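> Got a predicted model here, sequence first, then my questions.
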Amino acid sequence: MIHAHTSTFHRRGLLVAALAAIALVAPGCSDSGSGPAGGGPVVDPTCDGKEQYASTYEAVQKRIFEGGGCTSEVCHGSGKVGGLQLTADVAYANIMERASLEQPQLKLIEPGDEERSYLWRKLAAATRPGAVEITGAPMPLGRAAIGEQDLELLRLWIYAGAPETGTVKGTEELLGACLPPVEPITIKPLAPPDPSEGVQFVLPQWDLPAASEYEICIATYYDIRDQVPDEFKDPSGEMFRFFAFDLRQDPQSHHLLLYYSPLNFQPGGIDPHHPSFGAWNCRGGAKDGQSCEPLDLDSCGSDGVCASTPEESFACGTYGPPSPGRPAEIMGGAGQSQAYLPFREGVFAQIPMKGVIYWNSHAFNTTAKDTKMNGRINYLYAKQQQYPVTRISVFDAIFKPNNPPFTVETFCNDEVFPVGSRIFHLFAHMHSHGKHFWANFPADGPQIYETFSYQDPTQQYYDPPLVLDSPDPKERTIRYCGTYNNGVNEDGSFNVETVTRASRVPTSAQQTLGQCRPIACVNEGAVGRACNGRDDDATCDTQPGKGDGDCDACRITGGESTQNEMFVLFGAMYIDPVAAARAQGIALPASAVPQRSMATGPIFPSYQGCTSPERGLPEMFAARAARDPGKASGGSCHGAPPSAG
């Protein structure tokens with residue numbers, strides 16, 4: 001049963017309460033705009049009459065700002081209504097990370113995050129009435145709302161970092177227009193928080209060659225004991241407490257996670273000079289490439305990071321010195337390029353203030369140009385510290401999607417939560433075949449979550465949180481489902497570019513979980529014909545002995561790469577100790593719950609759950625080895641945390 005349940009439609013972690021008083025610098029204009037401006041690139045005769053833009057941002061400027069009438073003289077043109085001018089010569093500088101005059105904590109454009117981009121919200125409120133909450137009138141005022149296509153153009157541009165130049169992947173197809181070839185995007189670096197508000201961790205730069213996909217691990221050392229104010233330390237003085245982290249990285253990324261090795265807790269800590277780390281060198285900055293001492297935090301200067309030798313690894317499962325019997329824990333990060341992930345008020349996590357950490361970065365470069373990956377994570381200190389966070393990481397059906405080539409299927413899984421659960425955040429994790437993910441609570445009850453994007457899944461927050469106190473497990477069950485498309489176009493025809501292909505699974509994934517066995521042909525004239533393995537191309541020949549066959553299409557296969565799949569429910573909650581005690585027949589008065597938790601020891605946020613060395617991976621490997629993806633399980637994490645006093 002749901003008690004006092006109010007869901008909020010948030011793709012990113014911004015609560016409705018924080019938006020209640022927001023107003024755009026101007027309410028919108030009803031006058032006609034100047035229309036699409038002239039100029040732009042020289043006409044390309046190969047475009048066959050399509051619209052042409054010099055960059056994705058130019059398309060935003062012409063289609064939305066100018067085409068929507070925002071640049072007219074009486075609006076955001078020379079009239080500068082609300083102090084905002086959106087003409088082509090100044091618009092970018094005027095909106096990029098510029099605060100709203102009415103609500104300074106929200107920027108007009110927040111690189112990587114459309115939900116915290118005030119301009120996007122104001123336009124979305126008109127295009128999708130009721131989907132987002134704002135104050136004042138939606139934009140444009142007195143004119144037709146911009147279409148879904150243009151709103152998606154704006155979202156894609158923001159999510160890729162809102163670059164002023166270059167083409168954002170997917171926008172050329174979205175618009176049916178001509179744009180320059182896609183090149184890697186280096187996002188504007190995330191600014192560090194004020195020292196009194198939080199601390200920043202910086203990903204060591206690593207090379208991502210053209211036309212490649214890699215999942216790597218790389219180590220760094222940190223020690224922030226002298227930086228963290230005492231009020232944000234746990235009672236032991238060894239941990240710091242935070243309520244949110246903010247991640248921004250180059251949009252080529254699939255995920256970025258930080259692992260904390262249990263070897264840090266042994267006497268003397270982890271040995272950064274263990275041969276498994278390889279050589280330590282500066283990455284980025286004036287000393288790039290020079291040898292460095294990992295324990296010397298000034299070894300690479302203020303603009304570089306001392307880091308170990310990068311190594312291909314799935315979830316850092318085999319990275320660094322072995323730590324038998326204890327898993328590394330995920331201390332931060334997200335399964336997408338950009339993320340702002342706050343807890344509910346009063347909820348906190350805490351992690352050690354020093355140690356060796358493993359950066360697990362998974363990225364793909366579909367362009368013809370080499371690039372370097374960059375990323376930053378800000379941890380924001382928790383001012384209210386009553387309830388330790390409890391992770392939601394449901395891996396029971398992680399590799400359940402396994403539909404054959406050229407089919408679409410839906411898969412579901414049920415998860416029972418403990419009495420006393422207070423769920424305030426849910427989101428999905430899929431790869432590129434995942435097209436639709438939703439959840440119901442209870443299992444046969446109303447829908448409480450939905451997303452259609454694997455790259456930028458809906459971050460659903462609940463205020464107040466979902467309350468799960470019923471003694472009946474059925475009333476504490478969430479059913480989540482996902483639809484997976486293995487190579488089928490909208491018209492039902494077969495698509496050999498989107499079907500799982502054995503030849504396209506990266507080497508790193510083939511060595512772990514992702515290798516698949518082809519069972520269907522992909523060559524013209526035989527697409528969809530049954531075949532039997534990599535050595536059975538002859539079955540796919542369009543004529544006997546012709547040699548043009550290609551047996552390459554597989555079932556959807558669980559694994560790490562974008563050619564493989566996952567089906568996971570993530571999120572965050574806390575345990576109400578009064579309700580949990582009541583379920584055990586103990587009457588615990590609310591006054592017995594301290595306003596400041598006395599919990600000690602690490603309380604990891606682990607939004608990406610239990611997929612860490614020796615936790616979940618053995619079961620996953622075993623299930624994949626037996627080709628039983630429906631039973632692959634790393635278990636679920638949502639029990640009460642230890643030392644949660």
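That came in fine, so what should we check first?
> make it CA atoms for all contacts and neighbour counts henceforth
Noted.
> so how far is residue 346 from the residue most central in space within the chain?
With distances taken as C-alpha atoms, centre = their mean, residue 336 lies nearest the centre of the chain, 2.1 Å away. According to C-alpha to C-alpha, to the nearest Å, residue 336 and residue 346 sit 26 Å apart.
> Kindly report the same for residue 396.
30 Å.
> Tell me where the stretch 351-500 of the chain has strands.
Using DSSP state E, counting those that start in this stretch, the strands of the stretch 351-500 of the chain run over 354-365, 371-373, 375-381, 387-388, 390-394, 407-416, 421-429, 434-440, 447-451, 460-468, 477-486.
> Quick one: those strands as TSV, columns for mean neighbour count and distance to residue 207 too.
Output for these, formatted as TSV (neighbours: other C-alpha atoms under 10 Å; distance: least, C-alpha to C-alpha, whole Å):
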stretch	mean neighbour count	distance to residue 207
strand 354-365	24	10
strand 371-373	20	5
strand 375-381	24	13
strand 387-388	27	38
strand 390-394	26	31
strand 407-416	17	36
strand 421-429	24	26
strand 434-440	22	28
strand 447-451	20	32
strand 460-468	22	34
strand 477-486	23	31
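> Mean pLDDT lowest where, among the ones you listed?
Mean pLDDT is lowest for strand 390-394 out of the strands of the stretch 351-500 of the chain, coming in at a mean of 91.
> hang on, the earlier thing: more crowded one of residue 396 and residue 346?
In this view residue 396 and residue 346 are compared by other C-alpha atoms under 10 Å, and residue 396 has more residues nearby, 22 against 18.
> what's the distance between the more buried one and residue 566?
11 Å.
> can you list the domains in this protein?
Structurally, the chain divides into domains by automatic domain parsing as follows: 1-182, 198-374, 390-486+562-637, 524-553.
> Tell me how far the first one lies from the chain's centre.
Yep, that's domain 1-182 we're talking about. Taking C-alpha atoms, centre = their mean, to the nearest Å, one finds domain 1-182 lying 21 Å from the centre of the chain it belongs to.
> Now it: average pLDDT?
Here the average pLDDT along domain 1-182 is 76.
> count of residues packed around the closest residue to residue 499 other than its chain neighbours?
Closest residue in space to residue 499, ignoring its immediate chain neighbours: residue 487 at 3.8 Å, by C-alpha to C-alpha, 6 or more residues apart in numbering. Residues lying near residue 487 (other C-alpha under 10 Å) number 23.
> Touching, residue 451 and residue 434? I think so.
No: applying C-alpha atoms under 8 Å as the test, residue 451 and residue 434 come out as separate, 9.9 Å apart.
> and stretch 425-437, C-alpha only, in CSV?
The C-alpha trace of stretch 425-437 is given here as CSV (Å, rounded to 0.1, in the frame of the first residue of the first chain):
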residue,chain,number,x,y,z
HIS,A,425,14.9,7.6,-5.8
LEU,A,426,14.6,5.1,-8.6
PHE,A,427,16.2,4.8,-12.0
ALA,A,428,16.9,2.2,-14.7
HIS,A,429,20.1,0.9,-16.2
MET,A,430,20.0,-0.6,-19.8
HIS,A,431,22.2,-0.6,-22.8
SER,A,432,21.4,0.4,-26.4
HIS,A,433,18.8,-2.4,-27.0
GLY,A,434,16.7,-1.2,-24.1
LYS,A,435,13.9,0.9,-25.4
HIS,A,436,11.4,1.2,-22.6
PHE,A,437,11.7,0.6,-18.9
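> And the helices in the stretch 101-250 of the chain, which stretches?
118-127, 148-159, 171-175 (DSSP state H, counting those that start in this stretch).
> what would these look like in a markdown table with distance to residue 65 and mean neighbour count?
Listed next are the helices of the stretch 101-250 of the chain as a markdown table, based on distance: least, C-alpha to C-alpha, whole Å; neighbours: other C-alpha atoms under 10 Å:
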| stretch | distance to residue 65 | mean neighbour count |
| --- | --- | --- |
| helix 118-127 | 11 | 23 |
| helix 148-159 | 11 | 20 |
| helix 171-175 | 16 | 17 |
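> Now tabulate the ones you listed in JSON lines and tack on distance to residue 76.
Below are the helices of the stretch 101-250 of the chain laid out as JSON lines (distance: least, C-alpha to C-alpha, whole Å):
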{"stretch": "helix 118-127", "distance to residue 76": "13"}
{"stretch": "helix 148-159", "distance to residue 76": "18"}
{"stretch": "helix 171-175", "distance to residue 76": "25"}
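> so which of the ones you listed gets nearest residue 504?
Evaluated with C-alpha to C-alpha, these place helix 171-175 nearest to residue 504, the distance being 22.3 Å.
> mind checking how far the nearest residue to residue 450 once chain neighbours are set aside is from residue 483?
Nearest residue to residue 450, sequence neighbours excluded (C-alpha to C-alpha, 6+ apart): residue 438, at 4.2 Å. Per C-alpha to C-alpha, residue 438 is found 9 Å from residue 483.
> Pull up the overlap in contacts between the two.
Here residue 438 and residue 483 have no joint contacts, going by C-alpha atoms under 8 Å, 6 or more residues apart in numbering.
> Quick check: the gap between residue 167 and residue 85.
According to C-alpha to C-alpha, residue 167 and residue 85 sit 24 Å apart.
> let me fix that: residue 101
13 Å.
> Between those two, tell me which one has more neighbours.
residue 85 (24 against 18).
> Specify the beta-bridge partners of the residue nearest to residue 450.
On the basis of DSSP bridges, residue 438 is bridged to residue 450, residue 481.
> Wait, it touches residue 446, no?
No: counting by C-alpha under 8 Å, no contact exists between residue 438 and residue 446, whose distance comes to 10.6 Å.
> So for residue 348, what's the nearest residue that isn't a sequence neighbour?
residue 243 (4.8 Å).
> check contacts around that neighbour.
Residue 243 makes contacts with 342, 343, 344, 345, 347, 348, 349, 379, 380, 381, 382, 383, as judged by C-alpha under 8 Å, 6+ apart.
> which among these gets closest to residue 500?
Taking these together and measuring to residue 500 by C-alpha to C-alpha, the closest member is residue 342, at 35.1 Å.
> Tell me how far residue 490 lies from residue 588.
56 Å.
> Between these two, tell me which one has more neighbours.
residue 588 (14 against 7).
> Now do the contacts for the more buried one.
Taking C-alpha under 8 Å, 6+ apart as the test, what residue 588 contacts is 577, 578, 581, 582.
> Am I right that it is in a helix?
No: applying DSSP: H, G, I helix; E, B strand; the rest coil, one finds residue 588 to be coil, outside a helix.
> Show me which of the contacts of residue 588 are buried.
577, 578 (16 or more other C-alpha atoms under 10 Å).
> Compile the contacts of residue 588 into a markdown table and extend it with columns for distance to residue 552.
Shown next, in a markdown table, are the contacts of residue 588 (distance: C-alpha to C-alpha, whole Å):
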| residue | distance to residue 552 |
| --- | --- |
| 577 | 54 |
| 578 | 56 |
| 581 | 56 |
| 582 | 57 |
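> What is the neighbour count of the closest residue to residue 257 other than its chain neighbours?
Nearest in space to residue 257, with sequence neighbours left out and distances taken as C-alpha to C-alpha, 6+ apart, is residue 333 at 4.3 Å. By the criterion of other C-alpha under 10 Å, residue 333 has 30 neighbours.
> Let me know the pLDDT of residue 333.
In the predicted model, residue 333 carries a pLDDT score of 90.
> Would you confirm that it contacts residue 260?
No: contact between residue 333 and residue 260 fails when scored by C-alpha under 8 Å: they sit 11.9 Å apart.
> quick one on the thing from earlier: of all the helices of the stretch 101-250 of the chain, which lies closest to residue 256?
helix 148-159 (15.5 Å).
> what's the angle from the closest one to helix 118-127?
Angle of helix 148-159 versus helix 118-127, following axes from the mean of the first three to the mean of the last three C-alpha atoms, to 10 degrees, is 160 degrees.
> Give me the contacts around helix 148-159.
Contacts to helix 148-159, defined as C-alpha under 8 Å, 6+ apart, come from residues 56-57, 60, 63-64, 109-114, 120, 123-124, 127, 163, 168, 170-171, 174-175, 251, 338.
> backbone phi and psi for residue 66, please?
Main-chain dihedrals, residue 66, degrees, to the nearest 10: phi -80, psi -50.
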